[in-house]
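Chemist: Take this sequence and fold it.
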Amino acid sequence: MALKANFTQEDVRKRFDAFLKAIDSRIIKRLQFLGEKCVTHAKSIPPDKGFKDQTGNLRSSIGYMVFRDGVAVHEGYEGTDAGMRKGRDIATKVGSQNKSPYCLVVTAGMDYAVYVESRGRDVLTSAEILARKELPRMLEQLKVNINKALNETDI
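Modeler: Next up, the predicted model:
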């Protein structure tokens, strides 16, 4: 007696594609979450440790973008001023040139952000430390999410 499949190769491909799409979505959501967390942290640094907001440009230039294969899939910039535009432009340039499948770029786009940091003030340094601390936890959570995706697609 021969076994006969009750599915086609197309059925297998569709399920596999759905699984990959679910994983892709979860990776992007995790990067969005980390980007939001970094930006919130950076913008909440008190002036005595960070910087005094004289024009608002430096604070508004702090934001993030998530890229998949060099294409922006999400951004977290607020406002329409020069700071936001510069931060967004830098993130776009860095992210579009990145060769990784997924990329999170967090920026402080004003030219003088480096100068402020060199003076011992915190613009993005503590946000980077936060990201490095959170990344291992995020990767573990991503494994859990991938297992959930596996169960959701019934593969």
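Chemist: Please, where are all the helices along this structure?
Modeler: Counting by DSSP state H, residue ranges of the helices within the chain are 9-43, 57-60, 82-97, 113-118, 125-152.
Chemist: Tell me which of those is the most buried.
Modeler: Most buried of these by mean neighbour count (mean count of other CB atoms under 10 Å) is helix 57-60; its value is a mean of 22. For glycine as for every other residue, the C-beta is placed from the backbone atoms N, C-alpha and C.
Chemist: what residues does it touch?
Modeler: Outside of helix 57-60, the residues within contact range by CB atoms under 8 Å, 6 or more residues apart in numbering are 43, 51, 53, 77-79, 81-84, 86-87, 108, 110, 112-113, 116, 123.
Chemist: Could you identify which of the helices of the chain has the lowest mean pLDDT?
Modeler: Mean pLDDT across these is lowest at helix 125-152; the value there is a mean of 86.
Chemist: Packing partners of that helix?
Modeler: helix 9-43, strand 102-108 (3 or more CB pairs under 8 Å, 6 or more residues apart in numbering; DSSP states H and E).
Chemist: Just want the angle from the shortest one to helix 125-152.
Modeler: The one in question is strand 102-108. 150 degrees (axes from the mean of the first three to the mean of the last three CA atoms, to 10 degrees).
Chemist: cool, and the longest one?
Modeler: Angle, helix 9-43 to helix 125-152, by the same axes, to 10 degrees: 160 degrees.
Chemist: now for helix 9-43, which elements pack on it?
Modeler: Against helix 9-43 (3+ CB pairs under 8 Å, 6+ apart) you get strand 62-68, strand 71-76, strand 102-108, helix 125-152.
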